[in-house]
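Visitor: got a sequence here, can you model it:
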Amino acid sequence: MWPNIRALIFYFGYSIFTILQGSVGLIVALFLPPKLRNDYIALWCRTVLWWLKITCGVSHTIEGEIPKGTFVVAGNHQSPWETILLQFLMSPVSTVLKKELLRIPFFGWAMAMMNPISINREDGRGAAKQVLKEGKEHLEAGFSVLIFPEGTRQPADKLGRFNRGAANLAVAANTPILPFVHNGGEYWPSGTLAKTPGTIRFIVGTPIQPEGLTARELNQKLEQWVQQVSADIDGTIDEEVNPE
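Guide: Residues are numbered from 1 along each chain as shown. Modelled structure (predicted):
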């Protein structure tokens with residue numbers, strides 16, 4: 001029962017932060033350029049992760065270096081946690097997401113401030129073209145683009161099949177893929193109330209260069225790296241930096 005109570009306390013604070021900062025954000029968005037809007041939302045993200053640690057005992061470490069520059073950012077998708085972390089870790093970043101999310105009061109309004117690429121998942125070919133077109137525009141404007149190749153969240157012990165959206169954009173824009181892996185689903189599972197206390201490991205890989213590769217080959221390299229590091233995440237990767 002206690003984990004559920006702690007989770008309810010977390011979501012109470014989460015809702016307050018979201019309503020307050022989302023409402024103020026509607027005004028802020030009128031006066032700030034897109035990159036500074038990212039910084040504003042990053043403050044909300046940091047607040048939520050701090051509150052998660054206080055209420056539920058869930059913290060995280062970041063392993064590996066995050067290089068400067070713009071990237072197609074891609075990795076596994078298993079928890080709401082990773083989206084919150086990446087919004088400030090990779091800021092400024094534009095996230096590829098389903099357009100329905102922007103209709104959620106306060107949360108969706110805040111996401112709309114961050115210059116996302118909102119797609120209709122039912123329009124597969126049209127969505128792919130949109131990601132390529134808008135993704136290249138965002139990269140040229142100095143934004144990284146966050147794409148989850150699995151499409152939907154998976155259980156912590158499972159990886160879904162990787163689609164080629166991230167690889168297609170990386171090849172078309174001649175931009176490296178910055179890969180990541182985490183085990184956030186073990187501590188903040190998608191679709192459940194309770195959170196498990198512990199430390200999430202977020203691992204950043206070396207950028208994967210697209211030169212000389214087809215989108216299929218690049219996607220295979222990305223998927224293989226994610227599979228390998230996911231299998232090793234319980235202890236064989238040693239170096240930890242930037243503990244949070």
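
Visitor: can we go C-alpha only for contacts and neighbour counts from here?
Guide: OK.

Visitor: work out for me the element the residue nearest the centre of the chain sits within.
Guide: Closest to where the C-alpha atoms of the chain average out (CA atoms, centre = their mean) is Thr83, at 3.3 Å. Here Thr83, judged by DSSP states H and E, is contained in helix 80-89.

Visitor: and the next helix or strand past that helix?
Guide: Following helix 80-89 toward the C-terminus (DSSP H and E): strand 93-98.

Visitor: the nearest residue to Leu213 once chain neighbours are set aside and Leu193: what is the separation?
Guide: The shortest distance from Leu213 to any non-neighbouring residue, by CA to CA, 6 or more residues apart in numbering, is to Val171 (7.7 Å). Distance, Val171 to Leu193, by CA to CA, to the nearest Å: 39 Å.

Visitor: please apply the same query to Thr61.
Guide: For Thr61, the distance to Leu193 equals 23 Å [CA to CA].

Visitor: circling back: which neighbouring elements make contact with the helix holding Thr83?
Guide: Helices and strands touching helix 80-89, as assessed by 3 or more CA pairs under 8 Å, 6 or more residues apart in numbering; DSSP states H and E, comprise helix 34-56.

Visitor: if you set the cut-off to 10 Å instead, what comes out?
Guide: Packing contacts for helix 80-89, counted by 3 or more CA pairs under 10 Å, 6 or more residues apart in numbering; DSSP states H and E, involve helix 34-56, strand 93-98, strand 144-147, strand 177-182, strand 198-204.

Visitor: would you turn those into JSON lines with mean neighbour count and distance to Gln78?
Guide: Shown next, in JSON lines, are those (neighbours: other CA atoms under 10 Å; distance: least, CA to CA, whole Å):
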{"stretch": "helix 34-56", "mean neighbour count": "19", "distance to Gln78": "16"}
{"stretch": "strand 93-98", "mean neighbour count": "22", "distance to Gln78": "15"}
{"stretch": "strand 144-147", "mean neighbour count": "26", "distance to Gln78": "13"}
{"stretch": "strand 177-182", "mean neighbour count": "24", "distance to Gln78": "9"}
{"stretch": "strand 198-204", "mean neighbour count": "20", "distance to Gln78": "12"}
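
Visitor: would you format those as JSON lines with distance to Glu134 and mean pLDDT included?
Guide: JSON lines is the format used below for those (distance: least, CA to CA, whole Å; pLDDT from 0 to 100):
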{"stretch": "helix 34-56", "distance to Glu134": "15", "mean pLDDT": "87"}
{"stretch": "strand 93-98", "distance to Glu134": "10", "mean pLDDT": "86"}
{"stretch": "strand 144-147", "distance to Glu134": "10", "mean pLDDT": "95"}
{"stretch": "strand 177-182", "distance to Glu134": "17", "mean pLDDT": "98"}
{"stretch": "strand 198-204", "distance to Glu134": "25", "mean pLDDT": "97"}
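
Visitor: can you list those in a markdown table and add distance to Asn120?
Guide: Listed next are the helices and strands packed on helix 80-89 as a markdown table, based on distance: least, CA to CA, whole Å:
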| stretch | distance to Asn120 |
| --- | --- |
| helix 34-56 | 23 |
| strand 93-98 | 6 |
| strand 144-147 | 14 |
| strand 177-182 | 23 |
| strand 198-204 | 29 |
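
Visitor: low-confidence ranges in the chain?
Guide: Residues of the chain that meet the criterion pLDDT under 70 lie in 25-26, 29-30, 101-103, 105-110, 112-114, 234-244.

Visitor: can you give me the helices in it?
Guide: Per DSSP state H, the chain carries helices over the ranges 2-28, 34-56, 80-89, 107-112, 124-140, 165-173, 215-232.

Visitor: thank you kindly, that will do.
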